[in-house]
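Asks: Kindly generate the corresponding structure for this input.
(2 chains)
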Amino acid sequence: MSLVQLARAWIVVATQSFGGGPASLLLIRRELVERRGWLTQRQFLEDYALSKMGLGINLITMSGLIGARIAGRTGAAISVASFILPAAAITLALTAGYLVVRDNPIVQAALAGAGPVAAGMTAGFAFNLARQSVRRGRRSAIDFAYAVAVFVAAFAFDASPIILIPLGVAVGAVLLRGESSRASGEAS
Amino acid sequence: MTDLLGLFLIFFRAAAFSVGGQGALPLLRQDFVATGLLTEHQVLEALVVGRVAPGPTGLYIVTLGYFAAGPIGAVLALAAASLPPILMIAIASALRRQLVSAWAAGMVRGVALTASGLLVATSLRLLAPGIALAEVPWWQIVLGVVGTVFAVRARTHPGLVMAGGAVVGLVFAR
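Replies: Modelled structure (predicted):
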């Protein structure tokens, strides 16, 4: 395995995974696990679970963890760069293109339909996130109730995320301990 | 001219305080709309462009940065939002074992449940940009529900679902 091959594999994932996190995950598995055999299925799932534990776009973390397994620090740097930069460049180009046609009435009409769908998808993603995060059995009711309470605080009382998120860390560490969350579902 | 350092800090803070790319959305929406840098409608537009583009959904930040300050804003957004997950690579490699402990699981659970509650509130706000929910046209409410159901089932390609929404928009919004 050369570093060029590593970069090429990530560029394939970055440029072909239309449809967000789940599409990327599928392609990472196909390209790096199945096709090239650079890491095992188990290692793939472990890195995914770890990446979901924190700080921003988890697929960036995941690409770095996988790259580090394959080729150390250099591997991590090459993986992150060749995964994120092409995808970001395409996003940038799409944005520039969108700004050119934005004021067209047809584009605005299409957006009036696609926008609510995108908003709904975010809510659906949120529901799945809650479903994967709750503990099993009776404690799942407590966990769901906490998510609902956050929703009410944010929507009805305009509570700021900058207060609610640290509160969630504290409440979680004290009251919501237990089994680790399941490593499935949508990555973002 | 937008304050570029301020812009950098908005993206950095949102990433550092969130789990997952979409988890940053409630904070970003609040910061941008409250400061008047972007409208609610622009945040929704960025979400749509981000969903159409390949790679992580979280890259809608590139579009947000572009809307706020042009190509420089886009580059800045990417740099700022990448720092926390890159830091996380080092943390996760060093603390693999500690991160599977019960209290770490509790913290992650607390953040994830908070993010889900916040995200539902944010998506309702985006569905009704600057207006009351009751004023949203019925067909847009239906599209929001359809988007939710498809995302929960996660079997259909998100691009296809959004394309369907765009067609409905062409029929009803003109």
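Asks: The least confident helix or strand in chain A by mean pLDDT near chain B anywhere?
Replies: Ranking every helix and strand in chain A by mean pLDDT, DSSP states H and E puts helix A:21-28 at the bottom, with a mean of 84. Yes: using Cβ under 8 Å from any Cβ of the partner chain, helix A:21-28 reaches chain B at A:Gly21, A:Pro22, A:Ala23, A:Ser24. C-beta coordinates here come from the backbone N, C-alpha and C atoms, glycine included.
Asks: Pretty sure the last one sits against B:Gly55.
Replies: Yes: with contact defined as Cβ atoms under 8 Å, A:Ser24 and B:Gly55 form a contacting pair (6.2 Å).
Asks: what mean pLDDT does stretch B:132-146 have?
Replies: Averaging pLDDT along stretch B:132-146 yields 93.
Asks: Now it: buried residues?
Replies: B:Val136, B:Trp139, B:Gln140, B:Ile141, B:Leu143, B:Gly144, B:Val145, B:Val146 (16 or more other Cβ atoms under 10 Å in any protein chain shown).
Asks: So which of the residues you listed sit within helices?
Replies: B:Trp139, B:Gln140, B:Ile141, B:Leu143, B:Gly144, B:Val145, B:Val146 (DSSP state H).
Asks: Now stretch B:63-75 - C-alpha only, PDB.
Replies: Output of stretch B:63-75 as PDB, limited to C-alpha atoms (Å, rounded to 0.1, in the frame of the first residue of the first chain):
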ATOM      1  CA  THR B  63     -22.100  26.900   2.200                       C
ATOM      2  CA  LEU B  64     -22.900  28.900   5.300                       C
ATOM      3  CA  GLY B  65     -19.400  30.400   5.300                       C
ATOM      4  CA  TYR B  66     -19.800  31.200   1.600                       C
ATOM      5  CA  PHE B  67     -23.100  33.000   2.200                       C
ATOM      6  CA  ALA B  68     -21.600  35.000   5.000                       C
ATOM      7  CA  ALA B  69     -18.300  36.100   3.500                       C
ATOM      8  CA  GLY B  70     -17.800  34.600   0.000                       C
ATOM      9  CA  PRO B  71     -15.100  32.000  -0.900                       C
ATOM     10  CA  ILE B  72     -12.900  33.200   2.000                       C
ATOM     11  CA  GLY B  73     -15.800  32.600   4.400                       C
ATOM     12  CA  ALA B  74     -16.200  29.100   3.000                       C
ATOM     13  CA  VAL B  75     -12.500  28.200   3.500                       C
END
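Asks: Point out where chain A drops to low pLDDT.
Replies: A:180-188 (pLDDT under 70).
Asks: Next: chain B.
Replies: Those would be B:1-2, if you go by pLDDT under 70 across chain B.
Asks: tell me the centre residue of it?
Replies: B:Leu25 (3.5 Å; Cα atoms, centre = their mean).
Asks: For A:Arg35, give me its contacts.
Replies: For A:Arg35, the contact set (Cβ atoms under 8 Å, 6 or more residues apart in numbering or on different chains) is empty.
Asks: Against chain B, how distant is it?
Replies: 18 Å (Cβ to the nearest Cβ, to the nearest Å).
Asks: can you narrow the ones in helices among the buried residues of stretch B:132-146 to ones near chain A?
Replies: B:Gln140, B:Ile141, B:Leu143, B:Gly144, B:Val145, B:Val146.
Asks: Tell me the spatial nearest neighbour of the first one, not counting adjacent residues.
Replies: Read it as B:Gln140. A:Pro116 (4.3 Å; Cβ to Cβ, 6 or more residues apart in numbering or on different chains).
Asks: Next secondary structure after the helix or strand containing that neighbour?
Replies: A:Pro116 is located in helix A:105-133, with elements delineated by DSSP states H and E. Next along the chain after helix A:105-133, taking DSSP H and E as the criterion, comes helix A:139-155.
Asks: quick check, the helix or strand just after that next one touching chain B?
Replies: The helix or strand immediately downstream of helix A:139-155 is helix A:161-175, counting by DSSP H and E. Yes: Helix A:161-175 comes into contact with chain B (Cβ under 8 Å from any Cβ), by way of A:161-162, A:164-175.
Asks: Any of these buried? List them.
Replies: For these, buried by 16+ other Cβ under 10 Å: A:Pro161, A:Leu164, A:Ile165, A:Leu167, A:Gly168, A:Val169, A:Val171, A:Gly172, A:Ala173.
Asks: My understanding was that A:Val33 contacts A:Phe44; is that so?
Replies: Yes: A:Val33 lies in contact with A:Phe44 (Cβ under 8 Å); the separation is 5.2 Å.
Asks: who's more crowded, those two?
Replies: A:Phe44 (22 against 18; other Cβ atoms under 10 Å in any protein chain shown).
Asks: circling back to that earlier point, packing partners of the least confident helix or strand of chain A?
Replies: Packing contacts for helix A:21-28, counted by 3 or more Cβ pairs under 8 Å, 6 or more residues apart in numbering or on different chains; DSSP states H and E, involve helix A:3-16, helix A:58-101.
Asks: May I have stretch A:147-165 as PDB, with CA atoms only?
Replies: C-alpha atoms of stretch A:147-165 as PDB (Å, rounded to 0.1, in the frame of the first residue of the first chain):
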ATOM      1  CA  ALA A 147     -34.700  14.800  24.900                       C
ATOM      2  CA  VAL A 148     -38.300  16.100  24.900                       C
ATOM      3  CA  ALA A 149     -37.500  18.400  27.900                       C
ATOM      4  CA  VAL A 150     -34.600  19.900  25.900                       C
ATOM      5  CA  PHE A 151     -36.900  20.400  22.900                       C
ATOM      6  CA  VAL A 152     -39.500  22.200  25.000                       C
ATOM      7  CA  ALA A 153     -36.800  24.400  26.700                       C
ATOM      8  CA  ALA A 154     -35.400  25.300  23.200                       C
ATOM      9  CA  PHE A 155     -38.600  25.700  21.300                       C
ATOM     10  CA  ALA A 156     -41.000  27.200  23.800                       C
ATOM     11  CA  PHE A 157     -38.600  29.000  26.100                       C
ATOM     12  CA  ASP A 158     -35.800  29.900  23.600                       C
ATOM     13  CA  ALA A 159     -33.100  28.300  25.900                       C
ATOM     14  CA  SER A 160     -29.700  28.700  24.200                       C
ATOM     15  CA  PRO A 161     -27.800  25.600  23.000                       C
ATOM     16  CA  ILE A 162     -24.700  27.100  24.700                       C
ATOM     17  CA  ILE A 163     -26.400  26.500  28.000                       C
ATOM     18  CA  LEU A 164     -28.200  23.300  27.100                       C
ATOM     19  CA  ILE A 165     -25.200  21.400  25.700                       C
END
